[in-house]
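Chemist: predicted model and sequence below, questions to follow.
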Amino acid sequence: MGRPKLRDLDQPEELDERVIDINRVAKVVKGGRKFHFRVTVVVGDNKGKVGVGIGKARGVPDAIRKAMERGRKNMRLVPIIGTTIPHQITVKHGGAVVMLKPATPGTGVIAGGGVRAVLQAAGIRDILTKSLGSSNALNVVLATEKALNELKWVEAEAAARGKPTREMMPFWSKRDER
């Protein structure tokens with residue numbers, strides 16, 4: 001365990017926590033229906049770490065608390081080059097298909113709904129996206145998280161191909177070096 005660091009004692013890490021979807025779900029039992037709430041939350045540090053959490057409970061506040069805890073637990077590091085992602089990727093989760101495409105600096109986050117929330121919480125500032133297929137908020141958010149987790153790290157890919165890292169960067173980052 002060791003001694004806690006001074007930074008840990010001073011102030012906890014600031015996280016960007018966003019509730020994306022609150023949905024009432026029902027379980028059919030002998031006496032009728034039992035209603036619960038399912039909450040989808042995205043948690044990120046705006047510096048390359050993001051996680052999605054899902055919580056279910058009889059009350060909305062309990063479901064939100066559970067989702068926040070799970071989101072913090074599921075946080076993963078995302079490869080970011082400058083303010084965008086290293087390469088284009090298309091991922092399917094359930095019926096939802098999400099395409100993420102790197103964009104030049106100054107473009108902004110061109111996304112809607114859950115995709116925008118996940119990308120902003122991760123700290124991505126310039127990206128083009130397209131959501132295809134199902135518009136189910138949970139599946140769209142999970143597809144976006146899956147896409148970010150499947151992105152390749154530039155350094156690892158350059159080493160695997162035996163090329164310098166600079167050659168693997170997006171074209172606009174090479175232009176800035178000249």
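Modeler: That came through, no problem.
Chemist: who does residue 52 form a beta bridge with?
Modeler: Residues in a beta bridge with residue 52, per DSSP bridges, are residue 42.
Chemist: against residue 165, how distant is it?
Modeler: Residue 52 is 30 Å from residue 165, where distance means Cβ to Cβ, to the nearest Å. From N, CA and C alone the C-beta is placed, and that goes for glycine too.
Chemist: what about the helices in this protein?
Modeler: Counting by DSSP state H, the chain has helices at residues 6-10, 60-73, 113-122, 137-150, 154-161, 165-168, 171-177.
Chemist: quick one: buried residues of the second one?
Modeler: Taking 16 or more other Cβ atoms under 10 Å as the neighbour-count basis, helix 60-73 is seen to contain the buried residues 63, 64, 66, 67, 68, 70, 71.
Chemist: from what I can see the third one touches residue 59, true?
Modeler: So the one you mean is residue 66. No: look at residue 66 against residue 59 with Cβ atoms under 8 Å: they stay out of range, at 10.6 Å.
Chemist: tell me who's in contact with the residue nearest the centre of the chain.
Modeler: Nearest to the geometric centre of the chain sits residue 118, at 3.8 Å (Cα atoms, centre = their mean). Residues in contact with residue 118 (Cβ atoms under 8 Å, 6 or more residues apart in numbering) are 42, 44, 50, 52, 141, 144, 145, 148.
Chemist: repeat that for 10 Å
Modeler: Shown in contact with residue 118 (Cβ atoms under 10 Å, 6 or more residues apart in numbering): 18, 20, 42-44, 50-52, 78, 98, 111, 124, 129, 140-145, 147-148.
Chemist: filter the residues you listed to the buried ones?
Modeler: Among the contacts of residue 118, the ones that count as buried by 16+ other Cβ under 10 Å are 18, 20, 42-44, 50-52, 78, 98, 111, 124, 129, 140-145, 147-148.
Chemist: ok, which of the helices of the chain comes nearest residue 33?
Modeler: Minimum separation from residue 33 across the helices of the chain (Cβ to Cβ) falls at helix 60-73, 17.3 Å.
Chemist: which secondary structure elements does that closest one contact?
Modeler: Packing partners of helix 60-73 (3 or more Cβ pairs under 10 Å, 6 or more residues apart in numbering; DSSP states H and E): strand 16-29, strand 32-44, strand 49-57.
Chemist: tell me what the first one is packed against?
Modeler: Secondary structure elements in contact with strand 16-29, counted by 3+ Cβ pairs under 10 Å, 6+ apart, are strand 32-44, strand 49-57, helix 60-73, helix 113-122, helix 137-150.
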